[in-house]
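predicted model and sequence follow; I will ask about them next.
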Amino acid sequence: MTRIDQKFAALKREGRAGLVTFITAGDPDYETSLAMLKGLPGAGADIIEIGMPFSDPMADGPAIQASSVRALQGGQTMKKTLSMVREFRKGNDTTPVVLMGYYNPIYVYPVDRFITDAVDAGADGLIVVDMPPEEDEELRPAAARSGLNFVRLATPTTDAKRLPAVLTNTSGFVYYVSIAGITGTAAPDIAAVGEHVARLKAHTELPIAVGFGVKSQEQVRALAGVAEGVVVGSALVAAIAESLDDSGKATKETEPCLLELVEHLSSALRPEVEAAAV
């Protein structure tokens with residue numbers, strides 16, 4: 001079992017959904033980003049998605065696009081992103097880490113060396129948003145042989161004809177995109193999400209994690225009732241942006257601002273924590 005498999009098994013035993021958090025590697029700078037990464041599990045993150053900065057993140061909304069720009073302007077590279085994972089693993093050998101992004105930076109790295117270095121660093125999975133099943137032969141088989149879970153996205157427009165292709169060779173979990181469009185630009189319709197997740201569950205035994213547009217405790221709590229995981233990304237990246245100074249640099253508020261928001265959202269999945277806060 002991979003760390004992702006182990007985590008979802010543990011969550012099932014606990015009788016709750018997991019919180020999946022996203023931050024962009026190197027945003028707003030390497031050291032601050034690494035400190036936040038290290039703090040996420042203690043704040044309540046069950047699985048961590050690390051965005052691999054890219055100059056043209058076409059599936060992402062303004063908040064995550066801006067985070068990639070800040071990271072790249074700060075000198076973040078793929079090597080530094082994998083270095084962050086390696087540093088994180090020195091103090092945490094249990095929390096799953098999923099690298100999320102686009103194929104171009106992986107292709108340029110290039111692919112074989114990326115897979116080797118990602119595994120050596122301690123990554124557990126990949127989400128490559130612009131690589132459909134029909135075009136994944138350059139990456140997915142080698143990643144799977146190396147033990148990396150290959151997580152795919154399903155969307156509201158993924159119909160019954162398309163679904164088998166999406167689910168074939170997917171592992172770890174299925175990321176259900178709760179809205180049609182880019183990240184962070186709309187709120188999910190909980191009832192509609194529930195219907196779509198039920199349809200997915202009829203075709204796969206993999207856990208389902210729901211993301212895009214999740215910002216509040218209420219949304220986290222509601223989505224936890226229909227899926228095994230809830231993904232929060234744009235709200236966290238936006239909180240980081242709001243904590244920066246006028247020149248876009250980290251302040252003393254940047255790390256605590258992010259971690260306090262994660263604690264707030266994660267308490268919705270932990271009744272004992274939420275009760276203690278009342």
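Sure thing, it's come through.

quick one, helices of the stretch 151-278 of the chain?
Secondary structure of the stretch 151-278 of the chain (DSSP state H, counting those that start in this stretch): helices located at 163-167, 190-201, 217-224, 234-243, 254-266, 271-277.

can you classify the residue nearest to the spatial centre of the chain as helix, strand or coil?
In the chain, the centroid-proximal residue (C-alpha atoms, centre = their mean) is E49; its distance is 3.0 Å. Per DSSP: H, G, I helix; E, B strand; the rest coil, the local secondary structure of E49 is strand.

tell me the pLDDT of it.
Note on E49: pLDDT of 98.

for A43, see how far away it is.
From E49 across to A43, the span is 15 Å (C-beta to C-beta, to the nearest Å). Placement of C-beta: from N, CA and C, glycine included.

now do P132
For P132, the distance to A43 - C-beta to C-beta - is 34 Å.

what sits closest to V262 if chain neighbours are left out?
Excluding the flanking residues, the one nearest V262 by C-beta to C-beta, 6 or more residues apart in numbering is A43, at 4.0 Å.

how many neighbours does that neighbour have?
For A43, the neighbour count with other C-beta atoms under 10 Å is 19.

could you do E255 as well?
18.

and the strands in the stretch 51-200 of the chain?
Taking DSSP state E, counting those that start in this stretch as the criterion, the stretch 51-200 of the chain contains strands spanning 97-101, 125-128, 149-150, 153-154, 174-177.

between those, which gets nearest to F22?
strand 97-101 (6.8 Å; C-beta to C-beta).

for that closest one, output the C-alpha coordinates as PDB.
This file holds the C-alpha atoms of strand 97-101, laid out as PDB (Å, rounded to 0.1, in the frame of the first residue of the first chain):
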ATOM      1  CA  VAL A  97       2.400  14.200  -0.900                       C
ATOM      2  CA  VAL A  98       1.000  14.600  -4.400                       C
ATOM      3  CA  LEU A  99       2.700  16.700  -7.000                       C
ATOM      4  CA  MET A 100       0.200  18.600  -9.000                       C
ATOM      5  CA  GLY A 101       0.700  20.600 -12.200                       C
END
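
measure the closest residue to G18 other than its chain neighbours to V220 for me?
Nearest non-adjacent residue to G18, counting by C-beta to C-beta, 6+ apart: D46, 3.5 Å away. Here the criterion is C-beta to C-beta. By it, D46 lies 12 Å from V220.

now swap in P207 and tell me
16 Å.

by mean pLDDT, flag the weakest helix or strand of this structure.
For the chain, counting by mean pLDDT, DSSP states H and E, helix 271-277 ranks last in confidence among helices and strands (a mean of 56).

wait, is L19 part of a strand?
Yes: counting by three-state DSSP, L19 is found in a strand.

which pLDDT does the model give it?
For L19, the model assigns a pLDDT of 98.

skipping its backbone neighbours, what lies nearest it in space?
S266 (4.7 Å).

residues near the one you found, how many?
23.

cool, and D56?
10.

kindly report the same for the one 3 residues further on.
Around A59 sit 16 other residues, with neighbours defined as other C-beta under 10 Å.

so the helix or strand that contains L34 versus helix 254-266, what angle?
In this structure, L34 sits in helix 30-43 according to DSSP states H and E. Here the directions of helix 30-43 and helix 254-266 differ by 30 degrees (axes from the mean of the first three to the mean of the last three C-alpha atoms, to 10 degrees).

which residues touch G74?
Residues near G74 by C-beta atoms under 8 Å, 6 or more residues apart in numbering: 26-30.

most neighbours, which of these?
The member of the contacts of G74 surrounded by the most neighbours (other C-beta under 10 Å) is D27, with 30 neighbours in all.

which residues does that residue contact?
D27 is in contact with 33, 51, 53, 67-68, 70-71, 74, 76, 237, 240, counting by C-beta under 8 Å, 6+ apart.

same question, G51
22-25, 27, 64, 67-68, 100-101, 233.

which of the residues you listed has the largest number of neighbours?
T24 (33 neighbours).

give me phi/psi at it?
Note on T24: backbone dihedrals following degrees, to the nearest 10 are phi -90, psi 130.
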